[in-house]
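J.: Got a sequence here, can you build the structure:
(one chain, ligands or ions: 2)
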Amino acid sequence: MFNYEQLFFLGTMNIFKNIQLGFKRTRDALSFQIKNFFKTDSINHIFFEKLEEQLLISDFGVHTTKIIIDYLIQQNKSGILKNEDNLYDHLRYIMLSILNKHDHLIQNKSIINNNKLYIILVIGVNGVGKTTTIGKLAYFYKNLGKSVALSAADTFRAAAVDQLNFFGNKISIPVISQSFGSDPASVVFNSINFAQSNKIEILIIDTSGRLHNKKNLMEELKKIVRVIKKKNFSEPDEILLILDACNGQNSFQQTKIFNQSVKLTGIVLTKLDGTAKGGVIFSILNEFPIPIKYIGSGETVNDLIVFNSRKFIKGILKKNNI
Ligand SMILES: Nc1nc2c(ncn2[C@@H]2O[C@H](COP(=O)(O)OP(=O)(O)O)[C@@H](O)[C@H]2O)c(=O)[nH]1
Ligand SMILES: [Mg+2]
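T.: Ligands and ions are numbered 1, 2, ... in the order given. I've put the predicted structure just below:
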């Protein structure tokens with residue numbers, strides 16, 4: 001693991017890292033296997049069983065795997081799947097139709113509404129990458145010329161404030177914090193005050209992720225949302241749920257629990273660089289009307305990819321990239 005200092009500089013050196021590197025392992029696992037099937041098999045029930053197994057291993061989930069396999073079997077019965085190219089085309093098509101499902105929910109409008117503070121609330125369980133993602137988002141928006149401030153409402157871990165302060169110092173943006181153990185809603189209240197009186201355009205709020213005390217955590221989040229509504233006269237503009245791709249199907253359960261308490265506007269899937277289980281994206285999008293907005297593909301501030309379903313599919317199903 002790197003320290004923050006190293007991460008920042010690595011990040012700035014790494015500007016051209018592309019989307020494919022981000023989920024290399026998921027891609028390699030899938031494309032390698034598909035290619036292997038073709039070496040020995042024609043497209044028959046053994047082939048479909050092998051593909052099904054591979055999709056399950058890559059965490060596509062039972063339901064989503066069935067949708068994909070049923071579709072391919074149907075195409076095969078109709079005599080459409082004649083060769084490897086046809087198969088890739090149809091796999092791409094069915095996967096894209098799952099990933100595209102909620103694209104219409106992604107707002108294309110400019111996020112800045114002249115006089116109004118844009119608030120991004122970042123939530124998720126411990127260790128999934130919330131604070132790191134906030135550093136990346138702040139860097140991303142700052143590079144777009146926006147004025148950004150960070151709110152350290154994870155008052156449960158002293159290190160969380162240090163981590164945010166580190167990012168804040170490095171990219172010269174203010175971090176609003178209070179002492180360890182303070183009421184997170186009060187940190188948010190002060191942060192909004194600060195942002196409104198200093199003409200900040202975007203406020204990004206970090207939160208605690210302890211799930212062992214689920215009920216309190218959810219009440220705390222609801223209280224934060226109430227404070228935002230009262231002080232900024234509307235719901236948070238974004239409530240981003242951070243999910244660790246390495247958690248596989250657990251991410252599915254986390255999405256369900258958080259979505260019951262607050263209205264999620266988007267998901268950020270982190271650590272896709274470190275897992276072959278990126279398929280969980282498909283089962284989440286298939287089940288919840290929540291778009292994936294960003295992908296985390298590493299520990300540095302540049303390792304944030306704006307999610308694009310078409311590019312994502314191209315990345316994991318590129319035939320000749322093995
Ligand atoms: N490889 C990789 N590591 C990440 C990514 N995002 C976060 N991390 C690491 O995951 C660990 C936990 O991150 P942190 O932001 O502290 O999680 P939090 O508890 O949710 O705030 C840290 O070591 C991060 O460097 C990512 O996209 N890829
Ligand atoms: Mg944190």
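
J.: Contact partners for the residue in the stretch 101-250 of the chain positioned nearest to ligand 2?
T.: Residue of the stretch 101-250 of the chain nearest ligand 2, by CB to the ion: T131 (3.3 Å). Just so you know, the C-beta spots here come from the backbone N, C-alpha and C atoms, and that holds for glycine as well. Applying CB atoms under 8 Å, 6 or more residues apart in numbering, we find T131 in contact with 154, 160, 163-164, 167, 206.

J.: In contact with N76, which residues are there?
T.: Counted by CB under 8 Å, 6+ apart, N76 has contacts 43, 48.

J.: Look up how far E49 lies from it.
T.: 13 Å (CB to CB, to the nearest Å).

J.: near ligand 2, which residues of the chain?
T.: Residues of the chain lying close to ligand 2 by CB under 5 Å from the ion are 130-131, 160.

J.: how about low-confidence regions in the stretch 201-322 of the chain?
T.: Scanning the stretch 201-322 of the chain with the threshold set as pLDDT under 70 gives 212-213, 276, 318-322.

J.: Domain parsing of the chain, as residue ranges.
T.: Per automatic domain parsing, the structural domains of the chain span 19-103, 109-307.

J.: before we move on, the earlier item: and ligand 1, which of the residues of the chain next to ligand 2 contact it?
T.: 130-131 (CB under 6 Å from any ligand atom).

J.: Rebuild the residues of the chain next to ligand 2 as CSV, extending it with secondary structure and pLDDT.
T.: Converted to CSV, the residues of the chain next to ligand 2 look like this (DSSP: H, G, I helix; E, B strand; the rest coil; pLDDT from 0 to 100):
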residue, secondary structure, pLDDT
K130, helix, 96
T131, helix, 95
A160, helix, 89
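
J.: List just the nearest of the residues of the chain next to ligand 2 to I267.
T.: Nearest to I267 among the residues of the chain next to ligand 2 is K130, at 12.3 Å by CB to CB.

J.: Quick one: residues contacting that closest one.
T.: Contacts of K130 (CB under 8 Å, 6+ apart): 122-124, 154, 206-207, 209, 242.

J.: and if we set it to 10 Å?
T.: Neighbouring residues of K130 by CB atoms under 10 Å, 6 or more residues apart in numbering: 122-124, 154, 160, 163, 206-209, 240-242, 244, 268, 270.

J.: Now do the contacts for N193.
T.: 176, 231.

J.: mind checking which helix or strand it is in?
T.: N193 is part of helix 184-197, with elements assigned from DSSP states H and E.

J.: what about the residue lying closest to G266 once chain neighbours are set aside, distance to L243?
T.: Spatial nearest neighbour of G266, excluding adjacent residues (CB to CB, 6 or more residues apart in numbering): K293 at 3.8 Å. Counting by CB to CB, the gap from K293 to L243 is 12 Å.

J.: returning to what we had before: pretty sure the residue nearest to G266 is touching L269, no?
T.: Yes: applying CB atoms under 10 Å as the test, K293 and L269 come out as touching, 9.3 Å apart.

J.: neighbour count winner among those two?
T.: L269 (28 against 18; other CB atoms under 10 Å).

J.: The helix or strand where that one lies - contacts with which helices or strands?
T.: Per DSSP H and E: L269 is located in strand 266-270. Contacts defined by 3 or more CB pairs under 10 Å, 6 or more residues apart in numbering; DSSP states H and E place strand 266-270 against helix 130-143, strand 238-244, helix 250-261, helix 280-287, strand 292-296, strand 304-306.

J.: most tightly surrounded among those?
T.: Of all those, strand 238-244 has the most neighbours on average by mean count of other CB atoms under 10 Å, namely a mean of 25.

J.: Give me the angle between that one and strand 266-270.
T.: Interaxial angle, strand 238-244 versus strand 266-270 (axes from the mean of the first three to the mean of the last three CA atoms, to 10 degrees): 30 degrees.
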